[in-house]
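Undergrad: one predicted model, sequence on top.
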Amino acid sequence: MTAAENVCYTLINVTNDSEPPSEVSLKADLEKGEIKAKTEALKKVIIMILNGEKLPGLLMTIIRFVLPLQDHTIKKLLLVFWEIVPKTTPDGKLLQEMILVCDAYRKDLQHPNEFIRGSTLRFLCKLKESELLEPLMPAIRACLEHRHSYVRRNAVLAIYTIYRNFEHLIPDAPELIHDFLVNEKDASCKRNAFMMLIHADQDRALDYLSTCIDQVHTFGDILQLVIVELIYKVCHANPSERARFIRCIYNLLQSSSPAVKYEAAGTLVTLSSAPTAIKAAAQCYIDLIIKESDNNVKLIVLDRLIELKEHPTHERVLQDLVMDILRVLTTPDLEVRKKTLQLALDLVSSRNVEELVIVLKKEVIKTNNVTEHEDTDKYRQLLVRTLHSCSVRFPDMAANVIPVLMEFLSDTNEAAAADVLEFVREAIQRFDNLRPLIIEKMLEVFHAVKTVKIYRGALWILGEYCSTKEDIQSVMTEVRRSLGEIPIVENELKKESGDVKPEEEVTAAPAPKLVTEMGTYVTQSALSTSRPSKKEEDRPPLRGFLMDGDFYVAASLATTLTKVALRYVALAEDKKRQNSFVAEAMLIMATVLHLGKSSLPKKQITDDDVDRISLCLKVLSECSPLMNDIFNKECRRSLSHMLAVRLEEEKLSQKKESEKRNVTVQADDPISFMQLTAKNEITSKEDQFQLSLLAAMGNTQRKEAADPLASKLNKVTQLTGFSDPVYAEAYVHVNQYDIVLDVLVVNQTSDTLQNCTLELATLGDLKLVEKPSPLTLAPHDFANIKANVKVASTENGIIFGNIVYDVSGAASDRNCVVLSDIHIDIMDYIQPASCTDAEFRQMWAEFEWENKVTVNTNITDLAEYLQHILNSTNMKCLTPEKALSGICGFMAANLYARSIFGEDALANVSIEKPIHMGPDAPVNGHIRIRAKSQGMALSLGDKINLSQKKSVS
């Protein structure tokens, strides 16, 4: 059933492999067959009537031979049959045979079996003929007093639908049901009765609720849910009633049912904005998140908390609950933890930041002790980033956080260590008072760093911020320790040939005395004579990186040594010491260069790294003031500028966010007084229960854009020509995971078209859910056919097909009209998204599908072209605004988007303005798109190709 269709009660499976039986054979089975044969025949009759067959000759046969049977399956099938069979003559009068059927209904309503009574009452809810219902009213009323709750609750439903459709048949229904409700004990019966009173006579429902308002917490959850709905609707329509019922909602927050607690909290927030109400609702949400095991429930309730935070007056109340919110971190699911940390970070203030940091530090330490889980590393990264943000916003906290985090520089997970390193780099630049502490901790963990990327970053920080002679000497000691014995090449060659004696390799320790089994002393040498094999040999970390051929770290080492050597020269007064330190630094660089040129490493040194090391050697040999200034001042100035720009961007984005959240009232906005508002205006406000019901049915009303081109008419596709015998057009309605095609079919001929069928097929990752049923079109008649298509991934899809039909009275074969293709636009599934530079680079390296699109446009301005691409593809530009500003003739930018299916799309725009071709020359260059799936990369490339040129207005 498509979301756009009306609600249906019964779904019937139709098998397509059988031939339709003749009316004669069906009649024979219904008259003389066994129970099983009659059951099968009745099923076939139901299916044939659903397909449009009339079968008037079988009506009396069924009344005579099938209706008197007591078999439960047949009775259930008969209820479906009486629901769908035509009950009136063409002029609208009730068929005479229906009087017999009505009598059978009455007998079933008095049947001793409660299942038959209950199912008959349910069936009566679907009847639309008041003449059939009128004789049955006494029997329906009598069912309210039946001993079984199944019969009583269905009797209430039957009375409700009859009262709603034909009030004259039972005018005293609200009074009857009110009396029934007062004396009823069963929860499901009470729920149905109360639901009827809500919709039929709200005052009686309120009267009943007033009498038992103190016992509400003892009711069953299904009745409590309906009470919450009633209170919401009453207070929504008449705000003066809030004080009367708000205590009841508070009580329902303590309900044992999670569903009731959730609805009560949501209702409380809409009814009252008092801090105590918001706090109670938020506390209820937090308890739900912690106690519910289903991650989807946790995420939904977290979204509710985030919505609460968006309201400026509620934010302060939630700030007091940050520690309670952090209890949610006990959930192992990464997505839940991510949302929780983000929420806590948004709510953190100077009052609670200290407690927050303590909890996060404990969580970080816990991740170190946990047995490795695939999400542990990612969770650790999240915690590091959250602590980073806290320290930037509240500098006093940095001193507490840094010692804990710096332990993770030696972590095997490079991503978490890289986040720590980025944080340390920012902290050491911003907080001068923390520099000694950071340098001390960095020197402690330096030798334990296991990954080359982190090693490079640590070297840079030590080289940049060591400012005392002692620290500089410590850095040189750590570098020598990490490099091993030099010259490296000679040492490695000796090891290869086995010339190095154990005494040369191992520092002798005092020989311990051991006691033998006989009680005599023996001395054991500390030097083991067995030489370890090459593979078992444990190289120092830096030498290991160099032997693996990673000489980029050597270039970083050369820069660090140059910085500390120049600084040492300025600090040390003794010329001999100055020369000794510089010579040691130059020796290390020379030996690394020698190693790079030799055949020992797995990969030889690159020319770029040779140039950098050679430059550093030259700088140290000359020690010119200009180079000293560049190495020791300009580098730090660049970092400072970059961090300032990033901080400015963060502040700007926070400002935009807060501006969005602030409720701004214009000077000339009309003031709404609740007391003076007309009733119809009050009810026009959004009803949350109605909205949630519409969302569940897939009928959410999207706000159409003000632009007329973005209206529904823009999504109508013409499928056939105006001169075709059948004209068809389709409105393509794209929901999140499915597409509803609403096809208008018009018979343009003077003939009746029978078995008019819309046949569809799909190309791409689309799947037709159901085959549209055939219909009959009168001359010049029209009809709407709905088809549902499921979407599985983000790529351009095509729906194609034809309409086939028979002309009434013609002897020719079936006629066919071929339809135009419907192209499904990928842009309906792509949304802008954000990621860090490191994540972008990682995904860029991992994604295997690349599509290179050549720029071919009539746009002459670089920034305008980039904006045009962003608008056309729904992608977000990750390159900061400052990096794109200015005019230099070329531009490079990174773009990112994510589909609703969680697929990532990356793009790199490299464009230039050919100046030699004049000021009106169009932009040229390339756009490279990368994605995990081929379909995504190709579809996005096609979209860019189609929309590159700007339409001339």
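TA: Done, it's in.
Undergrad: what's opposite Val789 in the beta bridge?
TA: Ile739, Leu768 (DSSP bridges).
Undergrad: what residues are up against it?
TA: 738-741, 760, 762, 766-769, 799 (Cβ atoms under 8 Å, 6 or more residues apart in numbering). Where you see a C-beta, it was placed from the backbone N, CA and C, and this is true even at glycine.
Undergrad: again, but for Leu940
TA: If you count contacts by Cβ under 8 Å, 6+ apart, Leu940 has them with 826, 830, 851, 873, 905, 907, 929, 931.
Undergrad: please, which helix or strand holds it?
TA: helix 934-947 (DSSP states H and E).
Undergrad: for stretch 165-183, C-alpha coordinates in PDB please.
TA: Extracted as PDB, the C-alpha positions of stretch 165-183 are listed here (Å, rounded to 0.1, in the frame of the first residue of the first chain):
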ATOM      1  CA  ASN A 165     -21.300   8.000  10.500                       C
ATOM      2  CA  PHE A 166     -25.000   7.700  11.400                       C
ATOM      3  CA  GLU A 167     -25.600   9.700  14.600                       C
ATOM      4  CA  HIS A 168     -29.400   9.300  14.300                       C
ATOM      5  CA  LEU A 169     -29.100   5.500  14.800                       C
ATOM      6  CA  ILE A 170     -27.700   5.900  18.300                       C
ATOM      7  CA  PRO A 171     -28.100   9.500  19.500                       C
ATOM      8  CA  ASP A 172     -27.400   8.600  23.100                       C
ATOM      9  CA  ALA A 173     -24.000   6.900  22.400                       C
ATOM     10  CA  PRO A 174     -21.800   9.300  24.500                       C
ATOM     11  CA  GLU A 175     -24.100   8.900  27.500                       C
ATOM     12  CA  LEU A 176     -24.200   5.100  27.000                       C
ATOM     13  CA  ILE A 177     -20.400   4.800  26.700                       C
ATOM     14  CA  HIS A 178     -19.800   7.100  29.700                       C
ATOM     15  CA  ASP A 179     -21.900   4.900  31.900                       C
ATOM     16  CA  PHE A 180     -20.100   1.800  30.500                       C
ATOM     17  CA  LEU A 181     -16.700   3.400  31.200                       C
ATOM     18  CA  VAL A 182     -17.600   4.200  34.900                       C
ATOM     19  CA  ASN A 183     -18.400   0.500  35.600                       C
END
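Undergrad: which parts of the helix holding Leu940 are buried?
TA: Using 16 or more other Cβ atoms under 10 Å as the test for burial, helix 934-947 gives 935-941, 943-944, 947.
Undergrad: tabulate the contacts of Leu940 (JSON lines), appending secondary structure.
TA: Listed next are these as JSON lines, based on DSSP: H, G, I helix; E, B strand; the rest coil:
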{"residue": "Ile826", "secondary structure": "helix"}
{"residue": "Ile830", "secondary structure": "strand"}
{"residue": "Asn851", "secondary structure": "strand"}
{"residue": "Thr873", "secondary structure": "helix"}
{"residue": "Ala905", "secondary structure": "strand"}
{"residue": "Ala907", "secondary structure": "strand"}
{"residue": "Ile929", "secondary structure": "strand"}
{"residue": "Ala931", "secondary structure": "strand"}
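Undergrad: sort those by pLDDT and name the bottom one.
TA: Lowest in pLDDT among the contacts of Leu940 is Ile826, which has 73.
Undergrad: excluding its backbone neighbours, what's nearest that residue?
TA: Leaving aside its sequence neighbours, Ile826 sits nearest to Ser939 (Cβ to Cβ, 6 or more residues apart in numbering; 4.4 Å).
Undergrad: ok, the one you found to Asp294 distance?
TA: Distance of Ser939 to Asp294, computed by Cβ to Cβ, to the nearest Å: 34 Å.
Undergrad: what do you get for Val445?
TA: Distance from Val445 to Asp294, by Cβ to Cβ: 41 Å.
Undergrad: and these two? which has more neighbours close in?
TA: Val445 (15 against 9; other Cβ atoms under 10 Å).
Undergrad: what about the stretch 701-850 of the chain, any weak spots by pLDDT?
TA: Applying pLDDT under 70 to the stretch 701-850 of the chain picks out residues 701-712, 736, 793-794, 809-812.
Undergrad: hmm, try it at 90
TA: Residues of the stretch 701-850 of the chain meeting the criterion pLDDT under 90: 701-717, 722, 731-742, 749-782, 784-801, 805-815, 821-843, 845-849.
Undergrad: helices along that one, start to end?
TA: 837-846 (DSSP state H, counting those that start in this stretch).
Undergrad: ok, which stretches of it are strands?
TA: For the stretch 701-850 of the chain, the strands defined by DSSP state E, counting those that start in this stretch cover 716-718, 726-734, 738-747, 753-763, 766-768, 775-777, 782-791, 797-807, 815-818, 822-824, 830-832, 849-854.
Undergrad: CSV for those, including distance to Ala281?
TA: CSV is the format used below for those (distance: least, Cβ to Cβ, whole Å):
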stretch, distance to Ala281
strand 716-718, 44
strand 726-734, 35
strand 738-747, 34
strand 753-763, 45
strand 766-768, 41
strand 775-777, 50
strand 782-791, 36
strand 797-807, 43
strand 815-818, 58
strand 822-824, 41
strand 830-832, 30
strand 849-854, 47
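Undergrad: wait, which of these is closest to Leu136?
TA: strand 775-777 (33.8 Å; Cβ to Cβ).
Undergrad: and the contacts of the closest one?
TA: Here strand 775-777 has contacts from 52, 726, 745, 747, 752-756, 783, 785, 805, using Cβ under 8 Å, 6+ apart.
Undergrad: next one: stretch 439-449
TA: Contacts for stretch 439-449 (Cβ under 8 Å, 6+ apart): 402-403, 406-407, 409-410, 417, 424, 428, 455, 458, 461-462, 465-466, 471, 474-475, 478, 481-482, 541.
Undergrad: let me see the mean pLDDT of it.
TA: Here the average pLDDT along stretch 439-449 is 82.
Undergrad: got it, and stretch 307-327?
TA: 82.
Undergrad: any idea how far that stretch is from the middle of the chain?
TA: 22 Å (Cα atoms, centre = their mean, to the nearest Å).
Undergrad: and the end-to-end length of it?
TA: 19 Å (Cα to Cα, to the nearest Å).
Undergrad: which among the strands of the stretch 701-850 of the chain is found nearest to Thr340?
TA: Ranking the strands of the stretch 701-850 of the chain by proximity to Thr340 (Cβ to Cβ) places strand 830-832 first, at 22.7 Å.
Undergrad: now the closest one: buried residues?
TA: Neighbour count says strand 830-832 has Ile830 buried, by 16+ other Cβ under 10 Å.
Undergrad: circling back to that earlier point, so which of the contacts of strand 775-777 comes closest to Ser25?
TA: Looking across the contacts of strand 775-777 and measuring by Cβ to Cβ, the closest to Ser25 is Gly52, at 19.4 Å.
Undergrad: doesn't Ala893 lie inside a strand?
TA: Yes: assessed with three-state DSSP, Ala893 lies in a strand.
Undergrad: assign the nearest residue to it once chain neighbours are set aside to helix, strand or coil.
TA: Of all residues not flanking Ala893 in the chain, Thr879 sits nearest, at 4.2 Å (Cβ to Cβ, 6+ apart). What three-state DSSP gives for Thr879 is coil.
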